[in-house]
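Visitor: Everything below, folded, please.
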Amino acid sequence: MTKARLVLIDRDGVINEDSPDYIKGAEEWRPIPGSLEAIARLNRNDHRVCVVSNQSGLARGLFTIDDLNAIHQKLRTALDRIGGEIEGIFFCPHAPDAGCDCRKPAPGLLLAAAQRLHVDLQGVPVIGDSLGDILAARAVGAEPLLVLTGKGAQTLREHPDLIAAEAVFPDLAAAIDHLIRRGE
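Guide: Numbering: from 1, shown residues only. This next block holds a predicted model:
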């Protein structure tokens, strides 16, 4: 049996619709069309998937850990229905000014996933929609892939020099199809 490869994926704006007011509860969580099916395809093609997400709404008091757990349970349940799985969910609960090492663009979330899963992050695809996702991936030698959903189009407009053209995709489904096609 071959060793399953790892893909790290940001949550808001990549897997699910984002909101400037934060996703505060399971009732507000809505998958982007095709994203869950794409994750299931990735799993069927021998990939492990983890979510790596900044969740400063916790520190801001906009939602509780129980609310966050309910959101993640809704994600897992929806994936389970179509044969998909998230192996781990890593999140930063801190505010942007907290100075922690886990809030992207710091690499702490990615390093936590690597440590827990016993993997080397060199070349591991990290799919996100923000500059923080790109910089965190680069900090650990991972491969940043940008999707244009969520904040992705704005990120590309503001930082075109930081993102290789071949690493930009309309959405998560297209990024995952790219990984599967190239045999990663």
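Visitor: all contacts plus neighbour counts: C-alpha atoms, from now on.
Guide: Will do.
Visitor: Which parts of the protein are helices?
Guide: Secondary structure of the chain (DSSP state H): helices located at 35-44, 65-81, 108-117, 131-139, 152-158, 172-181.
Visitor: Next, the angle helix 35-44 makes with the second one.
Guide: Our comparison of helix 65-81 with helix 35-44, counting by axes from the mean of the first three to the mean of the last three Cα atoms, to 10 degrees, yields an angle of 60 degrees.
Visitor: any weak-confidence spans in the chain?
Guide: The chain contains residues with pLDDT under 70 at 1-4, 184.
Visitor: Count the neighbours of the residue lying closest to A38 once chain neighbours are set aside for me.
Guide: In space, and not counting its chain neighbours, A38 is closest to A173: 5.0 Å by Cα to Cα, 6 or more residues apart in numbering. Around A173 there are 23 other residues, counting by other Cα atoms under 10 Å.
Visitor: now do the one 5 residues further on
Guide: Neighbours of H178 under the rule other Cα under 10 Å: 14.
Visitor: Check the one 5 residues further on too.
Guide: Residues lying near G183 (other Cα under 10 Å) number 8.
Visitor: right, and the residue nearest to A38 touches A40 too?
Guide: No - here A173 lies out of contact with A40, judged by Cα atoms under 8 Å, at a distance of 10.3 Å.
Visitor: related to what we said a few turns ago, output the helices of the chain as JSON lines; include the columns distance to V14.
Guide: Putting these into JSON lines (distance: least, Cα to Cα, whole Å) gives the following:
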{"stretch": "helix 35-44", "distance to V14": "8"}
{"stretch": "helix 65-81", "distance to V14": "13"}
{"stretch": "helix 108-117", "distance to V14": "16"}
{"stretch": "helix 131-139", "distance to V14": "11"}
{"stretch": "helix 152-158", "distance to V14": "9"}
{"stretch": "helix 172-181", "distance to V14": "6"}
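Visitor: give me every residue that touches the residue nearest to A38.
Guide: By Cα atoms under 8 Å, 6 or more residues apart in numbering, the residues touching A173 are G34, S35, E37, A38, I39.
Visitor: now T64: how far from K24?
Guide: 8 Å (Cα to Cα, to the nearest Å).
Visitor: Can you pick out the residue with more neighbours from the two?
Guide: When T64 and K24 are compared for neighbours, K24 comes out ahead with 20 against 15, by other Cα under 10 Å.
Visitor: ok, and the closest non-adjacent residue to that one?
Guide: F63 is the one closest to K24 (Cα to Cα, 6+ apart), at 5.4 Å.
Visitor: Let me know the angle separating the lengthiest strand in the chain from helix 108-117.
Guide: Ranked by number of residues, the top strand in the chain under DSSP state E is strand 47-54. Taking the same axes, to 10 degrees, one finds strand 47-54 and helix 108-117 inclined to each other by 140 degrees.
Visitor: Would you mind pulling the contact partners of strand 47-54?
Guide: Under Cα under 8 Å, 6+ apart, the answer for strand 47-54 is 4-12, 39, 42-43, 85-94, 103-104, 109-110, 113.
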